[in-house]
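*Asks:* compute the structure for the input listed below.
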Amino acid sequence: MVKSEPNSGNWAVITGASSGIGAALASQLAERGYATVLVARRVDRLEALASRIRSEYGTKVEVIPCDLADAAHREQLCTDLAARDVAVLCNNAGFAVCGEVAQTDAQAQRAMLLVNVVAVQELTTAVLPSMLARRDGAILFTGSISGVQPVPTAAAYAASKSFVNSFAEALHVELHGTGVTCTLLSPGPVRTEFYQVGGVSSEREQSYTATSTDQVARAGLTALFARRRTVTPGRTARLQAWGGRTIPRPLLFPALRHLVLPWLRSGLADSAYHQERNNAEQ
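*Replies:* Below you'll find the model as predicted:
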């Protein structure tokens, strides 16, 4: 089982740690006593977070700058993690590219799939052998309620999260009895930079205030250490996920287009992605 008070040799690795849910996960794992490895593209933010964690919790912190859309970077990170005793892996990094498929940059969509899908599979398989050999370890996957149904105008993003959702839940079953566990954290909209990067109006972000990044991270870690298969923080998110699974598609798709497209049109003009992808992780 995962130890509640690990020693400094037990690393917690958090991808997408430079902001949002990832930064909250890193802080809360350090609070629990874990030595943390912070992974993201934005070095200045990682260093600032590392400094704060060392000051507040006195735990060991390492910073690994990494662009998970880059094959060489992913390979180097996987090699690093395979050589460590990783107690917790938080597969949290991800970003959205929104817009109709035919009108959205194909390279942007590909980079998103490399981060949201390929990196998740590669990092997971990098740490599993050591975890299974020790019969000790846990993996948290940041999926999304977007992955429970197709989403017109966010087709590739929703599909990428569908992979994460399905992969995490299936792996949870496969790991039963091994001493290793995994949990799917499936949040709804959260107050982060995520929407602006995806090309969605900041008004959408501001309209959802019920669930903070700290609340989402805490719910995810609580579920992980309780060895639960999945958790969806927030009543609104759970209702949205239920609707995505149960509303007939002929009714659901027009509703999704009506809800998503206006926000999308108002946000694409100043999307951070279209200026320079800064990978504002979940």
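*Asks:* ok but Glu62 is inside a strand, no?
*Replies:* Yes: counting by DSSP: H, G, I helix; E, B strand; the rest coil, Glu62 falls inside a strand.
*Asks:* ok, what's across the strand from it?
*Replies:* Beta-bridge partners for Glu62, by DSSP bridges, are Val37.
*Asks:* how near is it to Pro150?
*Replies:* Counting by Cβ to Cβ, to the nearest Å, the gap from Glu62 to Pro150 is 39 Å. The C-beta positions use only the backbone N, C-alpha and C, and glycine is treated the same way.
*Asks:* again, but for Leu140
*Replies:* 25 Å.
*Asks:* same drill for those two, tell me which one is more crowded.
*Replies:* Neighbours per residue (other Cβ atoms under 10 Å) separate Leu140 from Pro150, with Leu140 holding more: 26 against 16.
*Asks:* what sits against Tyr57?
*Replies:* 27, 30-31, 33 (Cβ atoms under 8 Å, 6 or more residues apart in numbering).
*Asks:* measure it to Arg32 for me?
*Replies:* Distance of Tyr57 to Arg32, given as Cβ to Cβ: 9 Å.
*Asks:* do the same with Ala102
*Replies:* The gap separating Ala102 from Arg32 is 46 Å, by Cβ to Cβ.
*Asks:* burial measure for Thr183, as a count.
*Replies:* Thr183 has 25 nearby residues by other Cβ under 10 Å.
*Asks:* and for Val117?
*Replies:* The number of residues packed near Val117 is 19, by other Cβ under 10 Å.
*Asks:* which residues does it contact?
*Replies:* Applying Cβ under 8 Å, 6+ apart to Val117 gives the contacts 160, 163-164.
*Asks:* what about 7 Å?
*Replies:* 160, 163 (Cβ atoms under 7 Å, 6 or more residues apart in numbering).
*Asks:* hang on, it in a strand?
*Replies:* No: assigned with three-state DSSP, Val117 falls outside any strand and is helix.
*Asks:* roughly how far apart are it and Arg42?
*Replies:* According to Cβ to Cβ, Val117 stands 21 Å off from Arg42.
*Asks:* of the contacts of Tyr57, which is the most crowded?
*Replies:* Ranking the contacts of Tyr57 using other Cβ under 10 Å puts Ala30 first, with 25 neighbours.
*Asks:* how about that residue, what does it touch?
*Replies:* Ala30 touches 36, 53, 57, 59, counting by Cβ under 7 Å, 6+ apart.
*Asks:* one more: Leu175?
*Replies:* Leu175 makes contact with 181-182 under the criterion Cβ under 7 Å, 6+ apart.
*Asks:* could you redo the last one with a cut-off of 6 Å?
*Replies:* By Cβ atoms under 6 Å, 6 or more residues apart in numbering, the contact list for Leu175 reads Thr181.
*Asks:* so what's it scoring on pLDDT?
*Replies:* Reading off the confidence values, Leu175 has pLDDT 98.
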